[in-house]
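*Asks:* Give me the fold of what follows.
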Amino acid sequence: MRISSERIRPSGPRTSRRGRPAKDHRLILNTMLWILRTGAPWRAVPECYGRWQTVYSRFRLWRRTGVHDAPLAALQEG
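*Replies:* Residues are numbered from 1 along each chain as shown. Okay, the predicted model is just below:
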């Protein structure tokens, strides 16, 4: 399933200007979709996606702050 970035960008996560640069949101989102698609455990994330801890912590943060809610609603409408 291919998701157009224009459909999810307006409601995507905000970037912080503090600390070290964050991993690319698209890479993190692709990793989350890979986990959902395969049903693999977090620790089985392939190296090409980066550290599983980074993806998992971003997933938890986005769930807690509601970042997933708006893009999901936009995709369900369209």
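
*Asks:* Phi, psi for residue 44 please.
*Replies:* The phi and psi values for residue 44, taken as degrees, to the nearest 10, are phi -90, psi 10.

*Asks:* residue contacts, it?
*Replies:* residue 52 (C-beta atoms under 8 Å, 6 or more residues apart in numbering). Heads up, the C-betas are built off the backbone N, CA and C, glycines and all.

*Asks:* Give me the below-cutoff pLDDT ranges for this protein.
*Replies:* Across the chain, the ranges flagged by pLDDT under 70 are 1-18, 20, 78.

*Asks:* check which helix or strand covers the residue most central in space within the chain.
*Replies:* Note on the chain: the residue nearest the mean C-alpha position is residue 29, at 2.7 Å, using C-alpha atoms, centre = their mean. When elements are assigned from DSSP states H and E, residue 29 belongs to helix 25-38.

*Asks:* helix or strand right after that helix?
*Replies:* Sequence-wise, the next helix or strand downstream of helix 25-38 (DSSP H and E) is helix 52-65.

*Asks:* Pull that next one out as PDB, backbone CA atoms only.
*Replies:* Extracted in PDB, the C-alpha atoms of helix 52-65 (Å, rounded to 0.1, in the frame of the first residue of the first chain):
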ATOM      1  CA  TRP A  52      14.400  -0.900  16.900                       C
ATOM      2  CA  GLN A  53      14.500   1.100  20.200                       C
ATOM      3  CA  THR A  54      14.300   4.300  18.200                       C
ATOM      4  CA  VAL A  55      11.300   3.200  16.200                       C
ATOM      5  CA  TYR A  56       9.500   1.800  19.300                       C
ATOM      6  CA  SER A  57      10.000   4.900  21.300                       C
ATOM      7  CA  ARG A  58       8.800   7.100  18.400                       C
ATOM      8  CA  PHE A  59       5.700   4.800  18.100                       C
ATOM      9  CA  ARG A  60       4.900   5.200  21.800                       C
ATOM     10  CA  LEU A  61       5.400   8.900  21.700                       C
ATOM     11  CA  TRP A  62       3.200   9.300  18.600                       C
ATOM     12  CA  ARG A  63       0.500   7.100  20.100                       C
ATOM     13  CA  ARG A  64       0.500   9.100  23.400                       C
ATOM     14  CA  THR A  65       0.300  12.400  21.600                       C
END
